[in-house]
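Novice: What shape does this take:
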Amino acid sequence: MDYSNKKTISSLVFEYRIINVIIFIGILLPTIQFIFNRSLWTDEASLALNILNAGYLELLKPLDYNQAAPIIFLFLEKFFSILIPNSDYGLKIVPLLSYFASFFFFYKILQQIFNNTYTTIFALSLFVFNATLIYYSSEVKQYMCDVFVITSIYYIILKKYNKVQNKYYLIGIIGALSFFLSHITPIILLSCGIYLVYVDFLNKNLKLKYIIGLLLVWTLTFLLYYYFFVYKHPAADNFKGYWLKMNTFMPINPLNIDFYQFHFDKIKMIFSQLISVGNIGRYFLAILYLVGFSCLIYKRNFEIIILLFFPIFIHLLISAFELYPFDLRLILYLIPTIIIVAAYGFEYFNDMIFKDLKIDRLRFLSILIPFSILSVTPWYGFPLKKEEIKESISYINNKKIENDKVYVYYGAKNAFKYYAKIGYTNFSVPIILGTSSRQNKLKYIEDLKKLKGNNWLLFSHNYNNEEEYIITQLDALGYNRIETFRAPGSSTYLYDFGD
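Specialist: Residues are numbered from 1 along each chain as shown. Next up is the predicted model:
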């Protein structure tokens with residue numbers, strides 16, 4: 001009997017059991033997050049109001065509340081909101097399904113790229129235990145669709161085909177549809193186009209007619225989408241003004257210190273927020289990323305370099321021209337590429353340090369490393385929350401009496417409107433919708449002084465500590481605070497404003 005062969009088979013069985021456990025957890029965690037059903041925060045609620053209030057044809061027009069989203073995403077959201085009416089669940093199905101599909105394609109990509117199952121375990125672990133991805137799997141926005149687009153398209157690109165033309169037909173169709181599902185599609189398809197030309201040229205088998213066909217289909221589709229849904233969008237100036245204040249456009253002058261500060265801030269954001277592995281893990285992950293990049297350069301693996309690095313380069317370039325911001329939720333789609341580069345670094349250390357060790361030690365250490373990183377992942381608040389206005393609304397529902405009134409802080413207004421729309425609120429009392437006065441906080445107090453009797457003040461999406469200012473001023477003025485309730489990202493207070 002060949003005991004070495006038996007040992008190898010036993011090792012592989014163990015490794016694939018570990019992978020199966022990770023896959024199970026990868027399904028379980030977003031499912032728990034979905035079932036938990038956290039409150040929609042103001043940006044989600046603003047988009048949800050458009051979806052609920054508009055018909056399918058109306059969704060083709062510019063959206064209200066300074067919102068924008070791809071058309072197929074909006075249509076899918078509309079469909080599921082009708083299928084499961086008056087519930088957050090219907091609106092959260094699309095991002096959840098996008099997560100599951102992204103996870104599937106990411107695993108398939110790892111199988112295409114890596115032969116080492118330990119590297120696959122490492123990369124899958126970073127994907128599955130990423131709190132940022134788990135959060136966006138229940139966010140009623142298009143950002144998880146961005147991850148789905150890059151993973152599905154990259155899988156199609158890397159997959160082996162019996163007939164090579166099938167790849168071009170498939171990527172042409174999927175790429176064209178993706179323009180209507182994700183705003184980052186042009187970045188991904190440009191990277192893919194460069195990849196296809198390079199690979200065909202490298203193999204001295206340039207399929208010119210297919211390449212031209214692809215570019216023609218993609219360009220015409222992009223121009224069509226741009227003309228009808230982007231060109232002269234009425235909210236374009238508002239979007240640009242907001243993102244300018246958020247420092248999301250790369251300074252174009254490399255001689256200016258702001259250029260380097262921007263890149264430092266974005267690198268820090270990527271390894272501390274985008275890939276959420278905790279304070280210790282982020283430094284280790286950054287080292288793995290640098291080593292992985294160096295390995296790809298050293299091995300002259302330029303086709304993989306194009307797929308993994310060109311999206312970042314292109315995104316930064318267009319942000320320099322203020323065409324598309326470079327910010328956390330808008331670069332969510334880069335998570336798979338960053339993990340894969342780090343996995344190349346992990347594989348290098350794996351081969352270098354443990355190559356001559358026995359398989360049992362290799363197995364133990366290779367699995368211990370990713371789980372050691374993940375042990376410091378910020379999971380202390382799972383299921384994840386943001387602005388739990390539903391908890392505040394429920395508190396008012398349970399505590400209010402007949403003559404109470406409700407004042408809604410302007411930051412909570414759209415979330416309140418959404419939950420009123422789906423019948424979550426049970427208020428048969430007057431509702432006062434507050435207005436913004438960011439340049440003169442004193443006006444909030446002047447408006448509140450006009451209230452009479454008992455009033456609930458409902459807060460969420462607190463801007464610049466305005467809630468604290470308002471409550472401090474009311475207490476200082478001697479108004480009687482009867483009730484106080486606080487939830488993550490939301491709160492409510494009952495005040496007696498007198499007769």
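Novice: where does the protein have low pLDDT?
Specialist: 1-11, 353-380 (pLDDT under 70).
Novice: Where does residue 482 sit: helix, strand or coil?
Specialist: Using DSSP: H, G, I helix; E, B strand; the rest coil, the structure places residue 482 in strand.
Novice: neighbours of it, just the number please.
Specialist: Number of residues near residue 482 (other Cβ atoms under 10 Å) recorded here: 13. Glycine gets a C-beta too; all of them are placed from N, C-alpha and C.
Novice: give me every residue that touches it.
Specialist: 454, 494, 495, 496 (Cβ atoms under 8 Å, 6 or more residues apart in numbering).
Novice: how about those in CSV, adding neighbour count and distance to residue 318?
Specialist: Shown next, in CSV, are the contacts of residue 482 (neighbours: other Cβ atoms under 10 Å; distance: Cβ to Cβ, whole Å):
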residue, neighbour count, distance to residue 318
454, 19, 53
494, 21, 49
495, 21, 49
496, 14, 54
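Novice: could you redo those as a markdown table and give each row distance to residue 237 and secondary structure?
Specialist: Shown next, in a markdown table, are the contacts of residue 482 (distance: Cβ to Cβ, whole Å; DSSP: H, G, I helix; E, B strand; the rest coil):
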| residue | distance to residue 237 | secondary structure |
| --- | --- | --- |
| 454 | 42 | strand |
| 494 | 40 | strand |
| 495 | 38 | strand |
| 496 | 44 | strand |
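Novice: And the helices in the stretch 251-400 of the chain?
Specialist: 257-269, 278-298, 302-320, 335-354, 359-374, 389-399 (DSSP state H, counting those that start in this stretch).
Novice: any chance you could map the strands in the chain?
Specialist: 405-408, 431-433, 454-460, 480-487, 490-496 (DSSP state E).
Novice: Tell me which of those strands sits most buried.
Specialist: Neighbour counts (mean count of other Cβ atoms under 10 Å) averaged over each of those peak at strand 454-460, with a mean of 25.
Novice: elements contacting that one?
Specialist: helix 389-399, strand 405-408, helix 466-476, strand 490-496 (3 or more Cβ pairs under 8 Å, 6 or more residues apart in numbering; DSSP states H and E).
Novice: got CSV for those, with distance to residue 458 too?
Specialist: Compiled in CSV, the helices and strands packed on strand 454-460 are given as follows (distance: least, Cβ to Cβ, whole Å):
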stretch, distance to residue 458
helix 389-399, 6
strand 405-408, 5
helix 466-476, 10
strand 490-496, 5
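Novice: can you tell which of the ones you listed is closest to residue 425?
Specialist: helix 389-399 (5.6 Å; Cβ to Cβ).
Novice: That closest one packs against which elements?
Specialist: Partner elements for helix 389-399 (3+ Cβ pairs under 8 Å, 6+ apart): helix 413-421, strand 454-460, strand 480-487, strand 490-496.
Novice: let's see 6 Å
Specialist: strand 454-460, strand 480-487, strand 490-496 (3 or more Cβ pairs under 6 Å, 6 or more residues apart in numbering; DSSP states H and E).
Novice: Tell me the one of the contacts of residue 482 nearest residue 102?
Specialist: residue 494 (44.2 Å).
Novice: ok, and the closest non-adjacent residue to the closest one?
Specialist: residue 483 (3.7 Å; Cβ to Cβ, 6 or more residues apart in numbering).
Novice: Tell me how far the one you found lies from residue 108.
Specialist: Separation of residue 483 from residue 108 (Cβ to Cβ, to the nearest Å) stands at 53 Å.
Novice: Could you chop the chain up by domain?
Specialist: Residue ranges for the domains of the chain, per automatic domain parsing: 3-374, 389-496.
Novice: export those to CSV and tack on distance to residue 383?
Specialist: Formatted as CSV, those follow (distance: least, Cβ to Cβ, whole Å):
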stretch, distance to residue 383
domain 3-374, 4
domain 389-496, 11
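Novice: quick one, which of those is nearest to residue 382?
Specialist: Ranking the domains of the chain by their distance to residue 382 (criterion: Cβ to Cβ) puts domain 3-374 first, at 7.5 Å.
Novice: Leaving aside the residues adjacent along the chain, what's closest to residue 346?
Specialist: residue 122 (4.8 Å).
Novice: same deal with residue 78?
Specialist: The spatially closest residue to residue 78, leaving aside those adjacent along the chain, is residue 51, at 5.5 Å (Cβ to Cβ, 6+ apart).
Novice: Burial check on the one you found, number of neighbours?
Specialist: Neighbours around residue 51, by other Cβ under 10 Å: 25.
Novice: surely it meets residue 76?
Specialist: No - between residue 51 and residue 76 there is no contact under Cβ atoms under 6 Å: 9.9 Å.
Novice: on that earlier part again, for the helices and strands packed on helix 389-399, give me JSON lines that also has distance to residue 261.
Specialist: Conversion of those to JSON lines gives the following (distance: least, Cβ to Cβ, whole Å):
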{"stretch": "strand 454-460", "distance to residue 261": "32"}
{"stretch": "strand 480-487", "distance to residue 261": "36"}
{"stretch": "strand 490-496", "distance to residue 261": "34"}
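Novice: So which of these is nearest residue 193?
Specialist: Closest among these, once you apply Cβ to Cβ, is strand 454-460, at 43.6 Å.
Novice: Pull the contacting residues for the closest residue to residue 293 other than its chain neighbours.
Specialist: Counting by Cβ to Cβ, 6+ apart, residue 293 lies nearest to residue 341, which is 5.9 Å off, once chain neighbours are set aside. Taking Cβ atoms under 6 Å, 6 or more residues apart in numbering, we find residue 341 in contact with 289, 292, 293, 308.
Novice: Equivalent analysis for residue 314, please.
Specialist: 187, 190.
Novice: got it, and the one 5 residues further on?
Specialist: When contacts are counted by Cβ under 6 Å, 6+ apart, residue 319 is found next to 249, 250, 326.
Novice: surely residue 404 meets residue 452?
Specialist: No - counting by Cβ under 6 Å, residue 404 does not reach residue 452; the two are 11.6 Å apart.
Novice: the more surrounded of those two?
Specialist: Between residue 404 and residue 452, counting by other Cβ under 10 Å, residue 404 is the more crowded of the two (17 against 10).
Novice: Compute the number of surrounding residues for residue 498.
Specialist: Other residues close to residue 498 by other Cβ under 10 Å number 12.
Novice: Just give me the neighbour total for residue 325.
Specialist: Neighbour tally, residue 325, other Cβ under 10 Å: 22.
Novice: what's the spacing between it and residue 257?
Specialist: With Cβ to Cβ as the criterion, residue 325 and residue 257 are 21 Å apart.
Novice: Nice, that's everything, thank you.
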